[in-house]
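Asks: give me a model of this one.
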Amino acid sequence: MVKNFLFHRVHPVRDPLWDPMDVALFDRCISYISRHYQVVLIEDLIGNPTLLAQRNIATIMFDDGYKDNIEYAAPILDKYGCKASFYVVTDCIEHNIPTWTHILEHSFLSTKISNVNLMFEFIPLELRVTSLPTREARLDYVKKLKPILKKVPHEQRNMILRRVQDTYTDVAIPRLMMTWEDLSLLRSKGHYIGSHTVSHCVLGTMTDTEEIRQELRVSGQLIEQHLGYFPKTISYPVGSYDQTTIRLSQEVGYTIGLAVKQKPYEPEEDSVFEIPRIELYNESWFKTLMRITNLLEKAKKLIRY
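Replies: The predicted structure follows:
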């Protein structure tokens, strides 16, 4: 089994909606992982039977392309001699805008506008609101809304996002992403840069095959344009994919597809286009260690049964 550890943000400043992993906790994670596992790149692992046959193999990965990856995470990776793969949303890199999930949360967190028309039939009745009078009400609301938006059809999600953007016009979008120069620097240090699509679209909820193809192909082409190679790997945003996603990923030139699933990768059982990852969060060290060792998921299974 191979343990693929997934991170997103690493930052010392806390966030009430999507808290980045604290820098000290990340240091502790990488220290532990580097001592207990042989850390390799997933791109070097797949197709390498010698590596796949070894025990205690782990990989380190980041999704999205946040600036704090190079500011706070990369020095710690260097400290412990670990290489990581960074999967970037190319629109976010090109225009220095966060993913739609981040913009959604930031909008509800930062606006002072209380009236919003979210009377859409495709969202649950209790979330069809016209007024969120306090910041606390908006924070509570978006915590419930975001998981639903990850599952609804692509077109419906975009309707909500446009409505929020058109309503909360007092919110400035934060500039939080890496640049192509940052990614080139990471690449020069031996890290790998792969694709996380053009716009962080939820691939498994999309029905337009050509639109899916564009998300996959154009992101890879932009990486090739700026870094000199078409990436091997596509990381499916929010872990959403289906058989159409897999087929189109293969057609445009990827050889590895990354899901989430919170379990180790078993090469004899898992498809290389459905490689599971274990996502780590800003939690106590005890709970984080339970995730790293996979004891948390084992305990959950025992409780379910």
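Asks: which stretches of this structure have low pLDDT?
Replies: 300-305 (pLDDT under 70).
Asks: spatially central residue in it, please.
Replies: Asp63 (3.7 Å; C-alpha atoms, centre = their mean).
Asks: what's the nearest residue to Lys261 if we skip its chain neighbours?
Replies: Once flanking residues are discounted, Lys261 sits nearest to Pro276: 3.5 Å by C-beta to C-beta, 6 or more residues apart in numbering. The way it works is simple: take the backbone N, C-alpha and C, and place the C-beta from them, glycine included.
Asks: helix, strand, or coil at the one you found?
Replies: What DSSP: H, G, I helix; E, B strand; the rest coil gives for Pro276 is strand.
Asks: list the contacts for it?
Replies: Each residue near Pro276 by C-beta atoms under 8 Å, 6 or more residues apart in numbering is listed here: 4, 259-265, 270.
Asks: quick check: domain ranges of this structure?
Replies: What automatic domain parsing lists as the domains of the chain is 2-96+178-304, 100-167.
Asks: most packed of those?
Replies: Mean neighbour count (mean count of other C-beta atoms under 10 Å) peaks for domain 2-96+178-304 among the domains of the chain, with a mean of 18.
Asks: so how far is it from its chain's centroid?
Replies: Computed by C-alpha atoms, centre = their mean, to the nearest Å, the chain-centroid distance of domain 2-96+178-304 equals 7 Å.
Asks: which residues are contacting the longest helix seen in the chain?
Replies: If you go by DSSP state H, the chain has its longest helix at helix 209-227. Residues outside helix 209-227 that contact it (C-beta under 8 Å, 6+ apart): 88-90, 93-94, 154, 180, 183-184, 187, 193-199, 201, 203, 206, 229-231, 234, 244-245, 248-249, 251-254.
Asks: inside strands: which ones of those residues?
Replies: Judged by DSSP state E, the subset of those located in strands is 88, 193-195, 234.
Asks: with these in mind, which one is nearest to Pro49?
Replies: Gly194 (21.8 Å; C-beta to C-beta).
Asks: the closest one and Tyr87 touch, don't they?
Replies: Yes: contact status for Gly194 versus Tyr87: in contact at 4.6 Å, counting by C-beta atoms under 8 Å.
Asks: who touches both of these two?
Replies: Joint contacts of Gly194 and Tyr87 (C-beta under 8 Å, 6+ apart) are 233-235.
Asks: can you tell me which of those lies closest to Thr99?
Replies: Checking these against Thr99 with C-beta to C-beta, the nearest one is Ser235 at 12.3 Å.
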